[in-house]
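Visitor: have a look; sequence and predicted model below, questions after that.
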Amino acid sequence: MSKDNSNFFEKKKIWSEVKDELLDCYLVPYFTKMMSTGKPTLYVDCFAGKGKFDDGKLGSPLTALQSLGRSLDRCHVRKPAVEMKFIEPNHHKALNANIPIEHRTRCELIEGRFEDKITQVLQNANLSNFKLNVFLYIDPYGIKALNASLFDSLAKACSTAELLINLNSFGFIREACRIMKIIFREGQVEIFSDLEEYDSSVLDSIQKLNAIAGDNYWQEIIDKYSSGKIDGYKAEKKFSQKYKEHLRQSYKYVLDMPIRLKEGQHPKYRMVHATNHPDGCVLMANNMAKRTDRLVVEIQDGGQLGLMPLTAENDIVSDDMLLTRVEAMLATTSDYVRLNEFLADFYNENGVLCGISRLSSGKGGSALKTLEKNGYIDVQRNPALTQNGKPSKFWQESKGNTLSLRKRK
Ligand SMILES: C[S@@+](CC[C@H](N)C(=O)[O-])C[C@H]1O[C@@H](n2cnc3c(N)ncnc32)[C@H](O)[C@@H]1O
């Protein structure tokens with residue numbers, strides 16, 4: 001059990017591994033795509049840590065440097081600049097020592113606190129020319145440094161902006177209860193045990209909580225919790241939903257992956273991803289679905305594969321349920337829509353219920369393949385024919401392959 005973050009870097013825990021896999025699997029295609037836009041990219045690890053855990057495993061800044069290296073190997077076009085900045089106040093020296101020589105020219109280490117440094121970092125990157133792609137990785141110990149107005153303004157100020165946030169939603173509920181003078185009824189041991197991304201310092205005002213959440217919607221949730229209308233689990237879920245809704249005012253697509261280690265247990269925290277690009281949303285959704293499988297299968301079930309696939313919320317997702325949800329989504333579209341936009345809207349609305357194979361590209365079939373076979377949808381593919389002159393059948397968009405669909409009229 002831990003309610004202290006002093007041992008965080010001693011040994012890399014499984015959920016830290018899952019977090020870094022989420023980052024790595026997203027960043028390789030992300031950097032590749034951004035480099036192909038010809039616009040510069042700024043990647044900031046806002047709570048960078050030591051770079052390496054004491055057991056030798058890589059931390060997030062080294063993971064991101066490796067991802068960039070892999071993207072550069074794949075990139076055959078002229079390589080526009082990708083700037084990597086790592087902000088860290090406490091382990092700056094260790095981080096500096098842990099960055100391999102070959103990566104040193106690719107990154108800058110910034111000694112200090114995120115809240116003191118980020119504005120300068122963004123200003124130096126010439127955010128105002130609207131030509132910058134920015135990705136912020138935000139992995140703090142607690143919630144104190146989250147800054148909703150910064151996240152909102154970033155989306156407006158640059159060519160593309162993306163966020164991956166470790167949201168300690170229970171930490172927020174606990175602080176909100178404290179400030180509203182309401183007893184936090186949940187077992188602190190159960191919720192915060194093993195959680196080394198823990199910040200025991202306290203917040204001192206409603207305004208600070210509003211600045212973190214982006215608004216005061218959380219107060220109604222705490223009122224309901226206080227009156228016993230909802231329990232702590234529901235309060236956490238509602239807060240996360242509202243937090244995502246707030247982000248959606250600036251980012252069209254916002255997904256989250258609850259990190260929970262045992263069935264029925266509260267999430268330790270949620271990884272929240274925000275982007276305005278449908279391709280980014282679909283990529284992250286598929287990535288989250290894969291990491292969820294790892295968490296659910298390898299950790300929660302002790303390696304036993306369950307009979308029915310589960311989401312990170314431990315919900316069973318049957319094929320019938322997927323079909324019904326896809327049909328409901330199709331009913332809201334009258335015109336042709338690109339596959340990736342459809343999938344991104346689906347994930348944005350329904351959460352990460354499954355990977356893209358069960359929705360579209362699965363070799364053994366998928367919800368959309370079934371609907372195409374049944375004549376429920378019209379599908380337009382470009383190119384319409386394969387090189388052998390046969391009708392195209394692909395169900396995944398890629399460079400040169402596009403697909404649009406609509407409900408048959
Ligand atoms: C959860 S750890 C980050 C781990 C890192 N992402 C990894 O996977 O290797 C949080 C880090 O934030 C640093 N930190 C604490 N307060 C900070 C602040 N105000 N601004 C930036 N970093 C801070 C801590 O020293 C710690 O290294």
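Guide: Received, thanks. Numbering: from 1, shown residues only.
Visitor: please make it C-alpha for all contacts and neighbour counts, starting now.
Guide: Will do.
Visitor: gap between Thr37 and the ligand?
Guide: 27 Å (Cα to the nearest ligand atom, to the nearest Å).
Visitor: revised request: answer the last question for Lys85.
Guide: From Lys85 to the ligand the distance is 12 Å (Cα to the nearest ligand atom).
Visitor: so where does that residue fall, helix or strand?
Guide: Element membership of Lys85, judged by DSSP states H and E, is strand 82-88.
Visitor: counting contacts, what elements does that strand pack onto?
Guide: With contacts taken as 3 or more Cα pairs under 8 Å, 6 or more residues apart in numbering; DSSP states H and E, strand 82-88 sits against strand 41-45, strand 107-111, helix 114-124.
Visitor: right, so of these, which gets closest to the ligand?
Guide: When the helices and strands packed on strand 82-88 are compared by Cα to the nearest ligand atom, helix 114-124 sits nearest the ligand, at 3.8 Å.
Visitor: in the closest one, which residues are buried?
Guide: 114, 118, 121 (16 or more other Cα atoms under 10 Å).
Visitor: how's this structure carved up into domains?
Guide: 14-300, 319-407 (automatic domain parsing).
Visitor: now mean pLDDT too, for these, in a markdown table please.
Guide: Output for the domains of the chain, formatted as a markdown table (pLDDT from 0 to 100):
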| stretch | mean pLDDT |
| --- | --- |
| domain 14-300 | 89 |
| domain 319-407 | 95 |
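Visitor: pick the most deeply packed of these.
Guide: Greatest average neighbour count among these goes to domain 14-300 (a mean of 18), per mean count of other Cα atoms under 10 Å.
Visitor: next one: that domain to chain centre, how far?
Guide: Centre-to-centre, domain 14-300 and its host chain are 7 Å apart (Cα atoms, centre = their mean, to the nearest Å).
Visitor: do the same with stretch 335-351
Guide: Distance of stretch 335-351 from its chain centroid, counting by Cα atoms, centre = their mean, is 17 Å.
Visitor: mind listing what the closest residue to the ligand within the stretch 251-400 of the chain touches?
Guide: Closest residue of the stretch 251-400 of the chain to the ligand, Cα to the nearest ligand atom: Tyr269 (11.6 Å). Counting by Cα atoms under 8 Å, 6 or more residues apart in numbering, Tyr269 touches 166-170, 258-260.
Visitor: any idea of the angle the strand holding Lys85 forms with helix 114-124?
Guide: Interaxial angle of strand 82-88 relative to helix 114-124 (axes from the mean of the first three to the mean of the last three Cα atoms, to 10 degrees): 160 degrees.
Visitor: may I have the strands that pair with strand 82-88, each with its orientation?
Guide: Next to strand 82-88 in the sheet, as set by DSSP bridges, lie strand 41-45 (parallel), strand 107-111 (parallel).
Visitor: show me what the helix or strand following that strand is packed against.
Guide: Using DSSP H and E, the helix or strand that follows strand 82-88 in sequence is helix 92-98. Helices and strands touching helix 92-98, by 3+ Cα pairs under 8 Å, 6+ apart, are strand 107-111.
Visitor: using CSV, list the CA coordinates for the strand it packs on.
Guide: Presented in CSV, the C-alpha positions along strand 107-111 are these (Å, rounded to 0.1, in the frame of the first residue of the first chain):
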residue,chain,number,x,y,z
CYS,A,107,15.1,17.4,-26.7
GLU,A,108,15.4,20.2,-24.1
LEU,A,109,15.1,19.7,-20.4
ILE,A,110,13.4,22.4,-18.4
GLU,A,111,14.0,22.6,-14.7
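Visitor: what does that strand contact?
Guide: So strand 107-111 is contacted by 83-90, 92, 96, 117 (Cα under 8 Å, 6+ apart).
Visitor: swap in 7 Å and give it another go.
Guide: 83-89, 92 (Cα atoms under 7 Å, 6 or more residues apart in numbering).
Visitor: again, but for stretch 285-294
Guide: 18, 22, 25, 257, 311-312, 347, 352, 354-356.
Visitor: 6 Å instead?
Guide: Stretch 285-294 is contacted from outside by 312, 352, 354-356, using Cα atoms under 6 Å, 6 or more residues apart in numbering.
Visitor: all strands in the chain, in order from the N-terminus.
Guide: Counting by DSSP state E, the segments of the chain that form strands are 41-45, 82-88, 107-111, 133-138, 160-167, 253-259, 269-275, 337-338, 377-382, 402-407.
Visitor: around the ligand, pick out the residues from this protein.
Guide: Selection of the chain residues close to the ligand by Cα under 6 Å from any ligand atom yields 46-49, 51, 59-60, 87-91, 113-114, 139-141, 197.
Visitor: hmm, back to that, make a markdown table out of the contacts of stretch 285-294 and add distance to Lys244.
Guide: Putting these into a markdown table (distance: Cα to Cα, whole Å) gives the following:
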| residue | distance to Lys244 |
| --- | --- |
| Ala312 | 16 |
| Val352 | 14 |
| Cys354 | 19 |
| Gly355 | 20 |
| Ile356 | 22 |
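Visitor: nearest to Val202 among these?
Guide: Ala312 (29.3 Å; Cα to Cα).
Visitor: which of the strands of the chain sits closest to Ala367?
Guide: Going by Cα to Cα, the one of these nearest Ala367 is strand 377-382, 11.2 Å.
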